[in-house]
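Q: Give me a model of this one.
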Amino acid sequence: MLDLSVPFYPVMMICREPKEYACNLPEGITLRFWEPGMEEAWGRVHMAAGQLGTMEKALRIFHQEFAPYPDELKKRMFFLYEGDRPVATMTVWFGNDLGYPATRLHWLSCVPDCQGKGLGKLTMDISLWLYRQLGCTGPLYLTSQTSSYVGINIYKKYGFEPYLGPMPDNGVQWDNEKAWAIINEKLAAYRK
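A: This is a model prediction of the structure:
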């Protein structure tokens, strides 16, 4: 759930010792791995969640970040479906934002009418299970933003903590001190 009233600052989180979780799908929810032609399904989930404004932008990002690796996508990108409708997605991907190659949880999204029903937690359960199934080792990281403090609350429950090391030089304006002050204030109010 995005809170667009919050000033935007990006953050990174790291889990140094990822644990594996059981993946129990609720009735009516199915797990599907990416197949060619699911690019628009990926875009629809992210657009519905407010992360991407247009299908054109979604497809551009998909083609830049994922399309060159179709064999990896088939193993690493998954969707949760409610009937024929994609309602959540995540990718256990490659990253080097920590200054070294590391596994990254990339582009988690859940459509708004399914938020608050445990699908974010289920997506994390599947991601951490998949991390193990792929034979990944070492720290696992993700990027997020201040407006996603509800998601950050979930990530913390899975052992993710703020990454405060050297930030990547990728054109993003990082301000960890401001970002985590905002997030911690919002989380304190949210938990009440």
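
Q: Show me what the lengthiest strand in the chain pairs with in its sheet, parallel or antiparallel.
A: Using DSSP state E, we find that the single longest strand of the chain is strand 85-95. Paired strands of strand 85-95, with direction, are strand 77-82 (antiparallel), strand 102-110 (antiparallel) (DSSP bridges).

Q: wait, which of those is closest to Ile14?
A: strand 102-110 (8.4 Å; Cβ to Cβ). Heads up, the C-betas are built off the backbone N, CA and C, glycines and all.

Q: if we look at that closest one, which residues are touching it?
A: Strand 102-110 is contacted by residues 42, 45-46, 48-49, 51, 65, 80, 87-97, 119-120, 123-124, 127, 131, 134, 136, 138-143, 151 when judged by Cβ atoms under 8 Å, 6 or more residues apart in numbering.

Q: Buried deepest among the strands paired with strand 85-95, which one?
A: Of the strands paired with strand 85-95, the one with the most neighbours on average (mean count of other Cβ atoms under 10 Å) is strand 102-110, at a mean of 22.

Q: What's the first helix or strand after that strand?
A: Next helix or strand after strand 102-110 toward the C-terminus (DSSP states H and E): helix 119-133.

Q: Show me what counts as buried in that following helix.
A: 119-120, 122-131 (16 or more other Cβ atoms under 10 Å).

Q: again with stretch 42-52
A: So stretch 42-52, judged by 16+ other Cβ under 10 Å, has buried residues 42-49, 51-52.

Q: Out of those, which comes closest to Leu59?
A: Nearest to Leu59 among the buried residues of stretch 42-52, with distances taken as Cβ to Cβ, is Gly43, at 5.8 Å.

Q: isn't that closest one right up against Leu59?
A: Yes. Counting by Cβ atoms under 8 Å, Gly43 touches Leu59, with 5.8 Å between them.

Q: I'd like the distance between the residue nearest to Phe33 when sequence neighbours are not counted and Gln51.
A: Nearest residue to Phe33, sequence neighbours excluded (Cβ to Cβ, 6 or more residues apart in numbering): Phe78, at 5.2 Å. Counting by Cβ to Cβ, to the nearest Å, the gap from Phe78 to Gln51 is 17 Å.

Q: swap in Gln145?
A: Taken as Cβ to Cβ, the span from Gln145 to Gln51 is 10 Å.

Q: show me where the chain has strands.
A: Using DSSP E, strands in the chain cover 10-15, 29-33, 77-82, 85-95, 102-110, 140-145, 161-162.

Q: what about stretch 128-145, start to end distance?
A: By Cα to Cα, to the nearest Å, the extent of stretch 128-145 from end to end equals 21 Å.

Q: let me redo that: stretch 159-171
A: With Cα to Cα as the measure, stretch 159-171 spans 28 Å from end to end.

Q: Fine, thanks again, bye for now.
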